[in-house]
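**Q** structure, please.
(chains A and B)
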Protein chains: 2
Amino acid sequence: MTMLTVLDTAALLRSYDNVLILTHVRPDGDTVGCAAGLCAGLRALGKRAFLLPNPGLTDSTQPYFAPFAASIDFMPDKVVSTDIATTGLFPENALPYAGCVDLAIDHHPSFERFGRHNLVRPEAAACGEVLYDVLAALGPITPEMALALYVAVSTDTGCFSYANTTAHTHAVAAALLRTGIDYKTVNKVFFRTKTRKRMQLEGAMLSGAEFYDHERIAILSVPLSLMARLDATESDAEELSSLGGQIAGVDCAITMRELRADVWKLSVRTGERVNATAVCQQLGGGGHAAAAGCTIQAPWAEAKARILAAIAQLVPDCAM
Amino acid sequence: MTMLTVLDTAALLRSYDNVLILTHVRPDGDTVGCAAGLCAGLRALGKRAFLLPNPGLTDSTQPYFAPFAASIDFMPDKVVSTDIATTGLFPENALPYAGCVDLAIDHHPSFERFGRHNLVRPEAAACGEVLYDVLAALGPITPEMALALYVAVSTDTGCFSYANTTAHTHAVAAALLRTGIDYKTVNKVFFRTKTRKRMQLEGAMLSGAEFYDHERIAILSVPLSLMARLDATESDAEELSSLGGQIAGVDCAITMRELRADVWKLSVRTGERVNATAVCQQLGGGGHAAAAGCTIQAPWAEAKARILAAIAQLVPDCAM
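**A** Coordinates of the predicted model:
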């Protein structure tokens, strides 16, 4: 196992051919954009390269993946993974490659260095930033590479709005846009479009939101009856727990999702005043200081009362 | 009246002292950030400079304006305007200066060159990009200038998500972030926070949305009763007309806002299939191809029926 620099990685890739590139389970824009960008980069060097098909692609990511998908009979000489922290995140069809990854490129602090060679840069907001530096060391960035990398960089930073965004992120975006790519469609698809069901789900959650403690605590609920009424799917309900935290003045947002009848998964997102983990630990859960969760088996009103009681007990200035 | 380059403008500003800087009516992040950034830049050169107080500041923009506000007895030698296309957009307290603006810096295509000297760059997404180039020509960009300019550039591009964003926009953002500013708070305040009432308003609009024409037409309504029930203000209801266009598959989003009892202002936002102006013209309104409006005096159901009929008549493949 060796750790590489960007220049080492570029030199190594120059020596490769017949490359299979892996993406992680439940693929997001970063893993797809990195893999597609690397694939385009290797092809620009005259090499054969393909992406291992990933069954988890969405309508948004599929168009950026499809041009590079491997057929079932592709026999690789080298295997590269992008944006995958651990082999535990390999999709099922990638598991045969878990012990023989030649090069792993990632940006997660929890990266497990499972490749024969590894490049990791934990300070990068998106793995796409790392891939940009690697591809720039290999030659000119083409629009084909740039479009894929823009998907990677923009999605992992919430279109440059998350706190992980850095000067390097913007410098990479500037270089990518200079190639003349259609970043407008990317922005529209990933940041300015939601499904009708998702919109109605958010609408119902916000309309029915309850506020406590001088409007600093918000409780948003997703009962099974709401999911059924909207005929909403799991993908319509992804990452709903960030919604409550966007309400001005709220520093403790609780999302109550009914998993089965009277079984509620509570996601707690907090500012500095409330320790989310301490609250959830009282109810058998856990997590981080600002994001934690727990599961309560009880009717909605009782589950709500329990989490509010846990907060009231832990937070000195809480007014309920 | 002369038109200046960036370098001309920098040279001219070097010759100024006791400078009053004007912002536009209903000030947004761009005009406030440009004015504050320029003020900080002039002060860094050892000059006296202030912003003319603007009564339209919001909770979001106020903190970036306040450190530079002029007292009532400041007597300027020079007057500069930033991000103001025409003297018609001067706040009332700026009207006495309408005929004696020494330098006007703007980025609107409709800029009316009302200054004695003028710098305009219509291809800039934000006027903040123009100010960045001017300040960079004057000396090093301090964090104080950079923070103000980041407010300008990020707000006028929807945090780099709007179609006006360019490689130059990202290059400027990279340079601003390199000074170590707290852009995270700016992003949180301007892009990741909404008032409780705004959230509930959007929630009710989305929950009650109606769909027609294979879900390509969405109608979102804001009756007076909803505004009253939420005790919502005009500022909670700003720019609601973009919401419907964010629903996947919708290419004709109609927002019906009740101005007075049974008087509805309709805002129509469309893709390429539907000409918004042609639709609204049938009902006595007008606008652009992708964004138009009209006012209908009728009960809600009838107003809705009229706009749908107008669309059905104009759009050949419309299924209603």
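
**Q** in chain A, mark out all the helices, start to finish.
**A** Under the criterion DSSP state H, chain A contains helices at A:6-14, A:29-44, A:62-65, A:127-138, A:143-156, A:167-177, A:183-191, A:196-207, A:224-230, A:276-281, A:300-314.

**Q** hey, least reliable of the ones you listed by pLDDT?
**A** The weakest mean pLDDT among the helices of chain A belongs to helix A:196-207, with a mean of 91.

**Q** got a list of contacts for it?
**A** A:194, A:220-222, A:226-227, A:230-233, A:236-237, A:240, A:243, A:255, B:199-200, B:202-209, B:211, B:215, B:218, B:246-250 (Cβ atoms under 8 Å, 6 or more residues apart in numbering or on different chains). All C-beta atoms are positioned from the backbone trio N, CA, C, and that covers glycine.

**Q** one more: stretch A:237-252?
**A** A:198, A:201-202, A:205-206, A:209, A:211, A:213, A:215-220, A:222, A:227, A:253-255, A:257, A:267-274, A:276, A:291, A:311, B:192-196, B:199.

**Q** can you tell me which of these are buried?
**A** A:198, A:201-202, A:205-206, A:209, A:213, A:216-220, A:222, A:227, A:253-255, A:257, A:267-270, A:274, A:276, A:291, A:311, B:192-196, B:199 (16 or more other Cβ atoms under 10 Å in any protein chain shown).

**Q** gap between A:Val297 and A:Met205?
**A** Slight slip there: residue A:297 is Gln, not Val. 22 Å (Cβ to Cβ, to the nearest Å).

**Q** restricted to strands, list the contacts of stretch A:237-252.
**A** Among those, DSSP state E puts A:211, A:217-220, A:222, A:253-255, A:257, A:267-270, A:291 in strands.

**Q** quick one: which of those is nearest chain B?
**A** A:Phe211 (7.0 Å; Cβ to the nearest Cβ).

**Q** show the pLDDT at the closest residue to that closest one other than its chain neighbours.
**A** Leaving aside its chain neighbours, A:Phe211 sits nearest to A:Ala218 (5.6 Å; criterion: Cβ to Cβ, 6 or more residues apart in numbering or on different chains). Here, the pLDDT recorded for A:Ala218 equals 97.

**Q** next: A:Arg269.
**A** pLDDT, A:Arg269: 94.

**Q** what does the one 5 residues further on give?
**A** With respect to pLDDT, A:Val274 scores 95.

**Q** list the contacts for it?
**A** A:251-252, A:268, A:311, A:314-315.

**Q** tell me which of the residues you listed is nearest to A:Leu119?
**A** A:Val268 (35.4 Å; Cβ to Cβ).

**Q** for the closest one, name its beta-bridge partners.
**A** A:Ile254, A:Ala292 (DSSP bridges).

**Q** please report how far the residue nearest to A:Asn118 when sequence neighbours are not counted lies from B:Ala163.
**A** Leaving aside its chain neighbours, A:Asn118 sits nearest to A:Ala104 (4.9 Å; criterion: Cβ to Cβ, 6+ apart). To B:Ala163, A:Ala104 is 36 Å away according to Cβ to Cβ.

**Q** neighbour count for those two, which is higher?
**A** A:Ala104 (27 against 14; other Cβ atoms under 10 Å in any protein chain shown).

**Q** residue contacts, the more buried one?
**A** By Cβ under 8 Å, 6+ apart, the neighbours of A:Ala104 are A:80-81, A:84, A:111, A:113-115, A:117-120.

**Q** of these, which belong to strands?
**A** A:80-81, A:117-120.

**Q** which of these has the most neighbours?
**A** Busiest of the ones in strands among the contacts of A:Ala104 [other Cβ under 10 Å] is A:Ser81, holding 30 neighbours.

**Q** touching, A:Ala173 and A:Phe160? I think so.
**A** Yes: contact criterion Cβ atoms under 8 Å: A:Ala173 and A:Phe160 qualify, at 7.0 Å.

**Q** for those two, list the residues in contact with both.
**A** Common neighbours of A:Ala173 and A:Phe160 (Cβ under 8 Å, 6+ apart) are A:154, B:160.

**Q** tell me which of those two has more neighbours.
**A** Neighbours were counted for A:Ala173 and for A:Phe160 using other Cβ under 10 Å; A:Ala173 has more, 31 against 27.
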